[in-house]
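Chemist: when you get a sec, could you give me coordinates for this:
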Amino acid sequence: MKELVLLITTTCILVMACTSNVTEASGIPCNDDLSDPGIPAVKSDYTEGLDDLQGPSDHFDYNLDDYWVRTENIHTTTVSVAIHRAALSSGPSPDEFSDYVIKCFHLAWHTFGGYKYERYGIKVRANGDTTTWSLSRVGVSITATDFAAPYLWEYIAHEIFHSWLGKLIEREPDGSGNAFQLEIWIKEGATTYYGIRHMGLARGGDHYTSGMLSRWNQYSANVGTEFDLSIDELVAAVGVSASDSPNDGEYTNMIYARSSLINYMLDMELSNDNQSLDALMGYLYEHYGLTGVMWRHENISPILESLTGRSYDDFIDTHILTNAQLPLDGNFQLLKRDEFYIDITANGSDGPVTVLKGTPVSIAISIDPGSCAGQNVDWWIYLDGSWSSQDYYSYVIPGGWRPGFMRTIAYQLMPISSKTILNTALPVGSYFFFFAVDDNADNVTDWTWLDFVQINVQ
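Modeler: Next up, the predicted model:
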């Protein structure tokens with residue numbers, strides 16, 4: 001494999017200070033303590049969380065003969081992912097899917113500041129099982145069709161978030177009997193926004209951008225049409241059920257599009273007050289979800305004023321109660337918190353990237369350690385060489401690229417805006433480049449943060 005080693009440049013010098021300009025985040029705060037239960041400290045029995053169930057209560061109904069199962073303990077809650085073995089060939093790999101599910105749960109936990117129950121489960125049913133999806137406070141069950149669908153990633157992040165917002169945190173019925181009411185701008189709007197946000201944090205910034213652009217395109221295509229209404233008017237147009245409105249689908253799409261964009265704007269606005277939409281979600285969770293008190297639209301503005309010290313009446317009245325055009329241009333930032341940001345890209349993309357033989361491939365890393373800056377950690381940069389007789393290649397400092405799997409360096413964390421670690425053509429094959437950091441500098445592969453990018457050379 002000497003040819004490959006010679007092909008890879010070794011110009012990356014990690015131990016240098018750079019200006020941070022990172023656009024992708026892990027979403028998990030620095031020095032996260034998984035033993036911290038959050039709020040509440042004592043978890044409730046999961047069976048309580050099945051009280052408000054939509055669909056069958058089968059999140060935890062599986063056996064190891066029929067299901068591939070993985071469990072992880074996240075902040076004292078046991079999170080399980082069960083995939084029927086008959087469905088394994090139709091969707092993503094079980095490791096990829098379970099990693100994603102656990103990350104989405106973890107992201108939601110940090111958004112709200114805790115989780116009420118001792119267990120949480122995601123289940124993928126068997127091929128041919130026509131039972132619809134089910135959702136509760138303690139889990140989500142989906143069909144094998146959903147598992148194989150291109151919308152899977154946003155869909156599952158969205159429904160996991162609903163276990164908090166929508167199930168545990170309930171809005172008060174307004175007496176109209178409508179399936180939708182004004183609170184939909186938070187219940188579905190925030191859930192849609194966070195579903196896209198968490199998808200981006202868990203899978204890469206490209207997924208966030210495409211998800212937000214999809215909502216933007218839905219909204220902008222309807223500006224100036226009969227569907228260009230306020231949230232209040234859109235809710236009334238949908239009515240009690242779909243059968244009451246021949247255009248229910250278009251009105252509903254506009255509700256989701258407009259309200260998710262409003263939540264993005266609210267997140268931006270709150271950042272000007274050194275807050276974020278997470279603060280509102282945490283407040284609703286602690287003061288409504290955990291107390292069993294239902295919330296209403298009228299509660300939101302006073303909550304925001306209590307969090308920021310200023311009135312948000314104009315923002316809410318303008319964007320919720322009128323159809324004023326949203327002041328957006330289709331460019332969406334993945335708004336950062338005080339988190340650890342890590343990224344590895346190929347030709348500027350989170351991938352997968354496909355190039356023809358002879359086309360240069362540029363691999364770059366970036367990192368923003370946030371409040372972890374200066375902490376001594378393990379750095380790992382490596383290439384999965386499963387396409388060849390050599391299992392791995394690792395970038396080691398000093399020494400550069402070497403055959404084998406080994407740590408890059410133990411060194412303090414520092415921001416790197418963008419550093420190219422490879423810029424050359426590669427032989428035909430499929431390549432996975434990984435960038436990982438372990439907050440415990442012990443040369444053990446139990447990474448705290450990891451990102452990867454796939455390149456296919458044809």
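
Chemist: what does the pLDDT read for residue 6?
Modeler: We have a pLDDT of 34 for residue 6.

Chemist: correction: the previous question concerned residue 183.
Modeler: 96.

Chemist: quick one: it and residue 173 touch, right?
Modeler: No - Residue 183 is beyond contact range of residue 173, at 9.5 Å (criterion: CB atoms under 8 Å). The way it works is simple: take the backbone N, C-alpha and C, and place the C-beta from them, glycine included.

Chemist: the more surrounded of the two?
Modeler: It is residue 183, of residue 183 and residue 173, that has more neighbours when counted by other CB atoms under 10 Å, with 24 against 12.

Chemist: A strand includes residue 307, no?
Modeler: No - checked against DSSP: H, G, I helix; E, B strand; the rest coil, residue 307 lies outside a strand; its state is helix.

Chemist: not counting sequence-adjacent ones, nearest residue to it?
Modeler: residue 279 (5.1 Å; CB to CB, 6 or more residues apart in numbering).

Chemist: same check, this time on residue 260
Modeler: Residue 260 sits nearest to residue 192 (CB to CB, 6+ apart), 3.9 Å away.

Chemist: isn't there a helix covering the one you found?
Modeler: Yes - counting by three-state DSSP, residue 192 is located in a helix.

Chemist: who touches it in this structure?
Modeler: Residue 192 sits next to 158, 215, 256, 259-260, 263 when contact means CB atoms under 8 Å, 6 or more residues apart in numbering.

Chemist: per-residue confidence at the residue nearest to residue 307?
Modeler: Note on residue 279: pLDDT of 96.

Chemist: one more: residue 24?
Modeler: Each residue has a pLDDT score; the one for residue 24 is 42.

Chemist: hmm, back to that, elements contacting whichever strand or helix holds the residue nearest to residue 307?
Modeler: Taking DSSP states H and E as the definition, residue 279 sits inside helix 277-284. In terms of contacts (3 or more CB pairs under 8 Å, 6 or more residues apart in numbering; DSSP states H and E), helix 277-284 is packed against helix 94-112, helix 189-203, helix 248-271, helix 297-308.

Chemist: let me know the angle separating the shortest one from helix 248-271.
Modeler: In this case it means helix 297-308. Angle, helix 297-308 to helix 248-271, by axes from the mean of the first three to the mean of the last three CA atoms, to 10 degrees: 20 degrees.

Chemist: got a list of contacts for helix 297-308?
Modeler: For helix 297-308, the external contacting residues (CB under 8 Å, 6+ apart) are 182-183, 185-186, 270, 273, 275, 279-280, 283-284, 311-313, 316, 320.

Chemist: among those residues, give me the pair with the biggest separation.
Modeler: Greatest spatial distance among the contacts of helix 297-308 (CB to CB): 182 and 273, at 24.1 Å.

Chemist: neighbour-wise, which of those two wins?
Modeler: Of the pair residue 182 and residue 273, residue 182 is the one with more neighbours under other CB under 10 Å, namely 22 against 14.

Chemist: and the more buried one, what does it touch?
Modeler: By CB under 8 Å, 6+ apart, the neighbours of residue 182 are 174, 231-232, 235, 297, 320.

Chemist: again, 10 Å this time
Modeler: If a contact means CB atoms under 10 Å, 6 or more residues apart in numbering, then residue 182 has 171, 174, 176, 230-232, 234-236, 296-298, 320-321 as its contacts.

Chemist: just the buried residues of those.
Modeler: Buried by 16 or more other CB atoms under 10 Å: 171, 230-232, 234-236, 297, 320, out of those.

Chemist: would you turn those into CSV with pLDDT?
Modeler: As requested, the buried ones among the contacts of residue 182 are arranged in CSV below (pLDDT from 0 to 100):
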residue, pLDDT
171, 93
230, 96
231, 96
232, 92
234, 93
235, 91
236, 87
297, 97
320, 97
